[in-house]
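Asks: Kindly generate the corresponding structure for this input.
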Amino acid sequence: MQTNLYLKYGSRVTSGMAECMYDRVLIDPELSPFFDGVNIDALRDHVADFLTVVTGGPNMYRGRDIREAHAHLKISKAHFERLIVHIGAAAADLDIEADDAAAIITAVRGLENKVVIN
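Replies: Numbering: from 1, shown residues only. Purely as a prediction, here's the structure:
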């Protein structure tokens, strides 16, 4: 990422993005079952910390390894693509510029092979 999005957007691109994205995901009938029984507030915090790292902020992430955290979920390519749509929509809702949103999505796509089970 050429521009430090963490400095450009501040908490809008970290905790704001996590909040907005999960608001969407939790009402998505295909994705919401993955979060049954999950402490969503803790998960939002982990994702905000992850987004801090990928947008150029300090590494505050203290969650589990991403592959380990998702291994039992049997996430398909279709599920992953639905999440990408929600990330893009959250970015638009938060007035994150399209090129910057694309950079965030690219970073998330880089993790696909760690969360998607074929």
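
Asks: Quick one: mean pLDDT over stretch 96-109.
Replies: Stretch 96-109 shows an average pLDDT of 95 in the prediction.

Asks: next one: stretch 50-70
Replies: Averaged across stretch 50-70, pLDDT comes to 88.

Asks: what's the span of that stretch, first residue to last?
Replies: Criterion C-alpha to C-alpha, to the nearest Å; first-to-last residue distance in stretch 50-70 is 15 Å.

Asks: how far is it from where the chain is centred?
Replies: Using C-alpha atoms, centre = their mean, to the nearest Å, the distance from the centre of stretch 50-70 to the centre of the chain it belongs to is 10 Å.

Asks: do stretch 95-108 as well
Replies: Taking the mean of its C-alpha atoms, stretch 95-108 sits 11 Å from the chain's own mean (C-alpha atoms, centre = their mean).

Asks: Stretch 71-80 now?
Replies: Per C-alpha atoms, centre = their mean, the displacement of stretch 71-80 from the mean C-alpha position of its chain is 14 Å.

Asks: Begin at 17, not 1, for the rest of this chat.
Replies: Renumbered: residue one is now 17, and that last one reads stretch 87-96.

Asks: what's next to that stretch, contact-wise?
Replies: Contact partners of stretch 87-96, identified using C-beta atoms under 8 Å, 6 or more residues apart in numbering, comprise 46, 47, 50, 128, 131, 132, 133, 134. C-beta here means a position set from N, CA and C on the backbone, and glycine is covered the same way.

Asks: go with 7 Å
Replies: The set of residues that contact stretch 87-96 without belonging to it, under C-beta atoms under 7 Å, 6 or more residues apart in numbering, is 46, 47, 50, 128, 131, 132, 133.

Asks: Now the closest residue to the fourth one other than its chain neighbours: which helix or strand?
Replies: What that stands for is residue 128. The shortest distance from residue 128 to any non-neighbouring residue, by C-beta to C-beta, 6 or more residues apart in numbering, is to residue 96 (5.7 Å). Counting by DSSP states H and E, the element that carries residue 96 is helix 93-109.

Asks: Okay, buried residues for that helix please.
Replies: If you call a residue buried by 16 or more other C-beta atoms under 10 Å, then helix 93-109 has these buried ones: 95, 96, 98, 99, 102, 103, 104, 106, 107.
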